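# Return atomic coordinates for the entry below.
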Amino acid sequence: MIIYNLFPLLAGPFGKWEPHFKRAADMGFDWIFINPVQKPGYSGSLYSIVDYFQLNPLLVDPDSKLSPDQQIKAALATADKLGLKVMVDLVINHCAFDSELTRQHPAWFVQENGSAAHPFCMEDGHKVVWGDLALFNHQHSSDQEGLYRYCYQIVEYLLELGFKGFRCDAAYQIPGHIWGRLIREIRQKYPDTAFLAETLGCTADQTKQTAQAGFDYVFNSSKWWDFNGAWLMEQYQLVREIAPSVSFPESHDTERLFQEVNGNEAAMKQHYLFSALFSAGVMIPVGFEYGFRHRLHVVNTRPSDWEQPNADLCEFITTVNAIKRQYTVFQEECPTTVLPYQNPNILVMWKASAKTHDEALIILNKDPHNHQYFYAENLGTYIQAGAPLMDVSPEYAMEYIPRPFSYDLRPGQAFVMVTSRDHLPH
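Down below sits the predicted model:
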């Protein structure tokens, strides 16, 4: 999955989505992810849904002759014509605190002092409570079947609007057997529906347990990797045989990378290339390709927050996406190893497809500010294949690979090399 996250509050009404879909398709994305489109409660947060069967008034064009549902169906039909599938956030761990559901079906909610409880999390030892949300009680509700049937109807409503998949918000907070049943029963009627589990902040074991419910993908934490620690590879190896994962250099929940790296384009390219080629899936939010600096906000963002481009990474992203599409080794969670190298500022990563004979070597300058020197007597010693390596790097690719191999890597630059083994790995 090569996913472009179109943040609806920045894109505006459904009728204005087409240019964004077109740009995403031109860059080689095949999926669009849209954050929640249903009607929010008093807080205005996209993730605080007050009515699951009405659309967010901010996304509806009041002057259109089409009904709100017809407007979004028309937008999704446009994406379909461009060869794009669209997934939407599925938020069924909680709803808006001011939803009628809390009064009509109190048994569906975790109760606290006589009313629906708010979800919370612990951050640095402090309890953070979301006062605008009410927590569904999937685990112990006295009306589990009623709550389940309601969630099924939500999914079916979104599928009938034209969505083809779901990013399941806070998936790890809903019991696996409930996800398993929902995924299984939806697919009986809508066989090609994709389900992605949002598992950020989980331990690798929690991620593994969530993935086992039948999700197509989970999201990994490579965004926070410093190219050095052992934890990312440990997490990757633990989960990779259960579900493939999606990497992202930034998301709607994080600061903008362009802001974090102080406008360093080399760092932007380095992070996108790594995210795209590390795991089976990759995702960027709208504006990443233009170096937007302002963080997306689930309440306050508006179309007027669209920024003038600070950079233009469209061509680079298009080239990287083409590499990803062309080689199977970059489309699966396959055996992946960080190889030792004497210069700590250079990452040497080996990947071998378990499905085909593809093998890949990525040599990446971790330093986005300075050149770093790389030398190898024979690059062939890093791979298992007998066939020669071929340089398919998005920039500065070599016609042939010399022996010995000696190169002064530009800031953040990466070599991407592929070859083919004689035999599949055991």
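
# going forward, measure contacts and count neighbours with C-alpha atoms only.
Noted.

# what's Leu182 in contact with, if anything?
By Cα atoms under 8 Å, 6 or more residues apart in numbering, the residues touching Leu182 are Tyr152.

# switch to 6 Å and redo it
Applying Cα atoms under 6 Å, 6 or more residues apart in numbering to Leu182 gives no contacts.

# and it, that one's in a strand?
No: going by DSSP: H, G, I helix; E, B strand; the rest coil, the assignment for Leu182 is helix, not a strand.

# For Arg103, see how far away it is.
25 Å (Cα to Cα, to the nearest Å).

# do the same with Tyr272
46 Å.

# cool, Gln372 as well?
63 Å.

# now do Ala134
For Ala134 relative to Arg103 (Cα to Cα), the value is 11 Å.

# Looking only at neighbour counts, state which of those two leads.
Taking neighbours as other Cα atoms under 10 Å, Ala134 and Arg103 compare with Ala134 leading, 26 against 13.

# Specify the local secondary structure of that one.
strand.

# thought it was touching Asp98?
No: judged on Cα atoms under 6 Å, Ala134 makes no contact with Asp98 at a distance of 8.2 Å.

# what about stretch 208-220, how long is it end to end?
Stretch 208-220: ends 11 Å apart by Cα to Cα.

# can you list contacts of it?
172, 176, 179-180, 195-198, 239, 243-247.

# as a whole number, average confidence for it?
The average pLDDT within stretch 208-220 is 91.

# again with stretch 235-248
90.

# now stretch 17-31
Rounded mean pLDDT across stretch 17-31 is 98.

# How about the secondary structure of Gly44?
Assignment for Gly44 (three-state DSSP): coil.

# That one contacts Thr301, correct?
No: checked against Cα under 6 Å, the pair Gly44 and Thr301 is beyond contact range at 10.8 Å.

# Low-confidence regions, this protein specifically.
422-426 (pLDDT under 70).

# what are the bridge partners for the residue nearest the centre of it, then?
Note on the chain: the residue nearest the mean C-alpha position is Met283, at 4.3 Å, using Cα atoms, centre = their mean. Taking DSSP bridges as the rule, Met283 bridges to Ile3.

# How much space separates it from Lys16?
In terms of Cα to Cα, Met283 sits 21 Å off from Lys16.

# cool, Pro40 as well?
20 Å.

# Neighbour count for the two, which is higher?
Taking neighbours as other Cα under 10 Å, Pro40 and Lys16 compare with Pro40 leading, 26 against 13.

# give the contact list for that one.
46, 48-50.

# go again using 8 Å as the cut-off
So Pro40 contacts 46-51, 56, 96 (Cα under 8 Å, 6+ apart).

# Among the residues you listed, name the ones in strands.
Those of the contacts of Pro40 mapping onto strands are 49-51, 96, per DSSP state E.

# Format these as JSON lines; extra columns: distance to Lys366.
As requested, the ones in strands among the contacts of Pro40 are exported to JSON lines (distance: Cα to Cα, whole Å):
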{"residue": "Ile49", "distance to Lys366": "41"}
{"residue": "Val50", "distance to Lys366": "45"}
{"residue": "Asp51", "distance to Lys366": "46"}
{"residue": "Ala96", "distance to Lys366": "43"}
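
# For the longest helix along the chain, buried residues please.
Ordering each helix of the chain by length in residues (DSSP state H) puts helix 144-161 first. For helix 144-161, the neighbour count (16 or more other Cα atoms under 10 Å) marks 144, 147-148, 151-152, 154-155, 158-159, 161 as buried.

# One more: stretch 303-318?
Buried residues in stretch 303-318 (16+ other Cα under 10 Å): 310-311, 313-314, 316-318.

# What's the local residue count around Cys168?
Neighbour number of Cys168 under other Cα under 10 Å is 23.

# can you check Phe14 too?
22.

# show me the contacts for it.
By Cα under 8 Å, 6+ apart, the neighbours of Phe14 are 59-61, 71-72, 75.

# try Tyr407
Applying Cα under 8 Å, 6+ apart, the residues contacting Tyr407 are 373-375.

# Could you pick out which of these are located in strands?
373-375.

# Scan the residues you listed and report the most crowded one.
Phe374 (18 neighbours).

# how much space between it and Met398?
For Phe374, the distance to Met398 - Cα to Cα - is 15 Å.

# ditto for Asn264
25 Å.

# Okay, and the spatially closest residue to Ile34 that is not a sequence neighbour sits in which element?
Spatially, and ignoring its direct neighbours in sequence, Ile34 is nearest to Val88 (4.7 Å; Cα to Cα, 6 or more residues apart in numbering). Assigned by DSSP states H and E, Val88 falls within strand 85-90.

# what's that strand packed up against?
strand 31-34, helix 68-81, strand 165-168 (3 or more Cα pairs under 8 Å, 6 or more residues apart in numbering; DSSP states H and E).
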